[in-house]
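Undergrad: Attaching a predicted model along with its sequence, questions to come.
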Amino acid sequence: MSASRLLPSFGFIATLILLLHVQPALSADVRSCGAKGDGQTDDTTAIQKAVDSGGRVSFPKGVYCITKPVVIELDKTGFTSLAGDGVARVVMEGPGAAFRFVGTHAGSADPEQVKPNVWERQRMPMVDGLEIVGAHPEADGIEANGTMQITITRTTVRDARHGIRLAARNRNVLIADCHIYHNRGIGVFYDDVNLHQSNISGCHISYCAGGGIVSRGGNVRNIQIGTCDIEMNMATNAPPTANVLIDCSGSSAGTAEVEITGCTIQHSGKSPDSANIRIIGRGNPAKGQPVARWGHVTITGNVLSDVKVNVHLRDARSVVITGNTFYMGYEHDLLVEDSSNIVVGPNNFDRNPLYGYGDAAKVNGGVVFRGSTDCTLDGLHINGAWRKPAALMVEKCNRFNIANCTILDSDNVGLLLKDVTNSKVAGCLIRDDRRDAKPGPSLKVEGGRGNWIVQNLLANGHEAAAGAARVEGNHDGK
């Protein structure tokens, strides 16, 4: 046999070299790289060394102090995950994110735009089972920039500035089963980011002073928020925010295609201008383009309570709100301003006495639409809007279809149309049976034109300005 036949082929050697380059160490223990985990030693260098080796970076039980961000440059490290199994704490004692994931993905989620190096070295970086604690005023938890399929699970971030910050550009983000708790800024922050396809599920996001889930500026599509508990993400001494805030102002692309489903979203009514869900849909487009109203939002199956305004839409378009429970809206349960194509289906706006309502609480409730067009309200159930001009007020609006609503035991007018045009009210039940109540008319029309009020049960009658509406087929139930 010749010597040449004993030597491996060039192709085999090239393949081996490629595999060695693509596949870094399978795992690294931060202790084996010099980390002490004693809560006193600066373990930054040791953890960075472990991360640089790529693969699964494990954190045995301990408290690991770091003083600057641990940077995971995915194109250098290759596939990387950080695993703490619930027994490791990382304390960030310097400014910036405790862990900063940096990828090179610059395309969309279209497979044809994902470059080979992203699939071969960068896809799906993971954080699982870690606790991250901020010990510096500008310390953040996790930051992602340029990543594809970053996945954050079973992780706690507390006492930081921002919990999870999504910056610049990312695609296909998953955040699940996490506790984002008591941070000075925002829980999950879409920070002027270009990001399509993100899911937040099964998380507790609470006591973050700058808002729970906040999207500002950027180009954001497809946020799915489901089965989360989102509470108290505002402060009495901080600027107004919301448990879920979508703010498109300052952006030509905005945030759209959002679903908020099956969550408990609540607290705090004491914070200024607080809201559970606030959507500011009007963007700031590039020069020469028309001003856009962003939306395409579905809000369904949530429990919403204990803020100034439970749901607030301003300059939004194409929003569906249905199947939710609203209560303890101190100023309004639902406030819609300067919006269009808003569909509000069956929702329960109730004043349950088990929650200690009363004059002292100053919980007013009620539903208000102002300056809006082309909206449908069907099957609303409103019980106990107090100290309001009307339980349901529609003001300076056009082309509204209001049907099959039930409005009970509320102060003053049940349904008020003020300067409304080209709208219809049909099949509604409006009455006040409270002892000693002094209700106004069940339905009142002030100004406007081209309206039709037909076949409603109006226990206290109606008042309609001359020429404002055609009123027929209604009954007082007596």
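TA: Looks like it came in fine.

Undergrad: Can you mark which positions in stretch 470-478 are buried?
TA: V471, N474 (16 or more other CB atoms under 10 Å). Every C-beta, even on glycine, is put in place using the N, C-alpha and C of the backbone.

Undergrad: contacting residues around it?
TA: 431, 443, 445, 451-462, 464 (CB atoms under 8 Å, 6 or more residues apart in numbering).

Undergrad: And stretch 225-237, by the same measure?
TA: Applying CB under 8 Å, 6+ apart, the contact partners of stretch 225-237 are 186-187, 199-213, 240-244, 258-268, 270-272, 274, 276.

Undergrad: and if you look at stretch 348-355?
TA: 324-329, 333-334, 357, 363, 365-367, 380-386.

Undergrad: On the three-state scheme, I342 is what?
TA: Secondary structure, DSSP: H, G, I helix; E, B strand; the rest coil: I342 is strand.

Undergrad: Not counting residues beside it along the chain, what's closest to it?
TA: C375 (4.5 Å; CB to CB, 6 or more residues apart in numbering).

Undergrad: Contact partners for that neighbour?
TA: Contacts of C375 (CB under 8 Å, 6+ apart): V336, S339, S340, N341, I342, V343, V344, F369, C397, R399, F400, N401.

Undergrad: Against which helices or strands is the longest strand seen in the chain packed?
TA: Criterion DSSP state E: the longest strand present in the chain is strand 186-201. Here strand 186-201 touches strand 164-176, strand 204-206, strand 211-216, strand 219-226, going by 3 or more CB pairs under 8 Å, 6 or more residues apart in numbering; DSSP states H and E.

Undergrad: How far off centre is the last one?
TA: Strand 219-226 has its C-alpha centroid displaced from the chain centroid by 8 Å (CA atoms, centre = their mean, to the nearest Å).

Undergrad: quick one, what contacts N117?
TA: D75, T104.

Undergrad: What's the mean pLDDT across stretch 299-313?
TA: The pLDDT scores in stretch 299-313 average 97.

Undergrad: Pull out the buried positions in it.
TA: 299, 302-313.

Undergrad: re the thing from before, comparing the helices and strands packed on strand 186-201, which comes out most buried?
TA: strand 211-216 (a mean of 28; mean count of other CB atoms under 10 Å).

Undergrad: So what touches that strand?
TA: Residues outside strand 211-216 that contact it (CB under 8 Å, 6+ apart): 180, 186-192, 200, 205-206, 223, 225, 230-231, 233-234, 241-247, 250, 255, 265.

Undergrad: That strand pairs with which strands?
TA: strand 186-201 (parallel), strand 242-247 (parallel) (DSSP bridges).

Undergrad: Now do the same for E120: helix, strand or coil?
TA: With three-state DSSP as the criterion, E120 reads helix.

Undergrad: begin at 44 from here
TA: Let's use 44 as the start, then, which means that last one is E163.

Undergrad: that older thread, buried subset of the contacts of C418?
TA: Judged by 16+ other CB under 10 Å, buried ones among those: V379, S382, S383, N384, I385, V386, V387, F412, C440, R442, F443.

Undergrad: list the contacts for the last one?
TA: Read it as F443. F443 neighbours (CB under 8 Å, 6+ apart): F412, S415, C418, T419, L420, V437, V463, S466, K467.

Undergrad: same check, this time on G490
TA: Per CB under 8 Å, 6+ apart, neighbours of G490: K461, D462, V463, A508, A511.

Undergrad: Could you measure from the nearest residue to F443 once chain neighbours are set aside over to R477?
TA: Sequence neighbours aside, S466 is the residue nearest to F443 in space, at 4.0 Å (criterion: CB to CB, 6+ apart). Taking CB to CB, to the nearest Å as the measure, S466 falls 29 Å from R477.

Undergrad: who's more crowded, these two?
TA: S466 (22 against 13; other CB atoms under 10 Å).
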